[in-house]
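Participant: Pasted the sequence and its predicted model underneath.
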Amino acid sequence: MFQIGRLLSNLAKLASLLGAICVVLMMLHVTGDVIGRYLFNAPLPGTTVIVAHYYMIVLVFIAIGVAEEKRSHISVDVLTDLLPDRPRNVLSILSGILTVAVVVIIAIGGWTEAVKKTNMGATMEQGSQMIDIWQSYWLLPLGAGLMALIAGYRVITQITGWRNGLSETDINAKFIND
């Protein structure tokens, strides 16, 4: 089981690297567009569509798996911190199961939409150009699938007590605003 966790952790690292590359590419693309637009009166074609339908989608939907692995999603622990360990663990498992269920529904919906957009060859017009955007629809089920796998794996390891192999953020780590 530990090896499955290492594999999921490596997939999350790959997703994180992809997100970092997209941040740099988006920065260069937008900077190039601004320089081209205002210095040479020649903006880069399709910048708005590419930023909105590729870079931003990668950053949002690929990153949800990374956030799940690191336990970086927002959580409010006011009441659960007052509970003993056993009820807190039960609630953690139940919330993990609920997370998996919701994210699987999102992944299925994203998959359905991606198939539909791929079959119709979805494009967007910017200026006088048509830009293919159907590929970006596959990023949602990919990111949601990664999150569902990590959350489901975490639930299984919580129930069984096995080491999980994920590169989690230490829940006892000291943070700046603690």
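Facilitator: Cool, the structure landed.
Participant: next helix or strand past the longest helix anywhere in the chain?
Facilitator: Ranked by residue count under DSSP state H, the longest helix found in the chain is helix 2-39. Once the chain leaves helix 2-39, the next helix or strand it forms, by DSSP states H and E, is helix 47-50.
Participant: following that next one, which helix or strand comes up?
Facilitator: Stepping forward along the backbone from helix 47-50, the first helix or strand reached (DSSP H and E) is helix 56-57.
Participant: Alpha carbons of the next helix or strand after that next one, as CSV, please.
Facilitator: Counting by DSSP H and E, the element after helix 56-57 in chain order, helix or strand, is helix 63-70. Extracted as CSV, the C-alpha positions of helix 63-70 are listed here (Å, rounded to 0.1, in the frame of the first residue of the first chain):
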residue,chain,number,x,y,z
ALA,A,63,-3.8,21.8,-8.3
ILE,A,64,-6.8,20.3,-6.4
GLY,A,65,-5.1,16.9,-6.3
VAL,A,66,-1.9,18.5,-5.0
ALA,A,67,-3.9,20.4,-2.3
GLU,A,68,-5.6,17.1,-1.3
GLU,A,69,-2.3,15.4,-0.9
LYS,A,70,-0.9,18.2,1.2
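Participant: Could you name the helices and strands sitting against the next helix or strand after helix 63-70?
Facilitator: For helix 63-70, the succeeding helix or strand toward the C-terminus, using DSSP H and E, is helix 85-120. Using 3 or more Cβ pairs under 8 Å, 6 or more residues apart in numbering; DSSP states H and E as the contact criterion, the secondary-structure elements in contact with helix 85-120 are helix 139-160. C-betas here are computed from N, CA, C, even on glycine.
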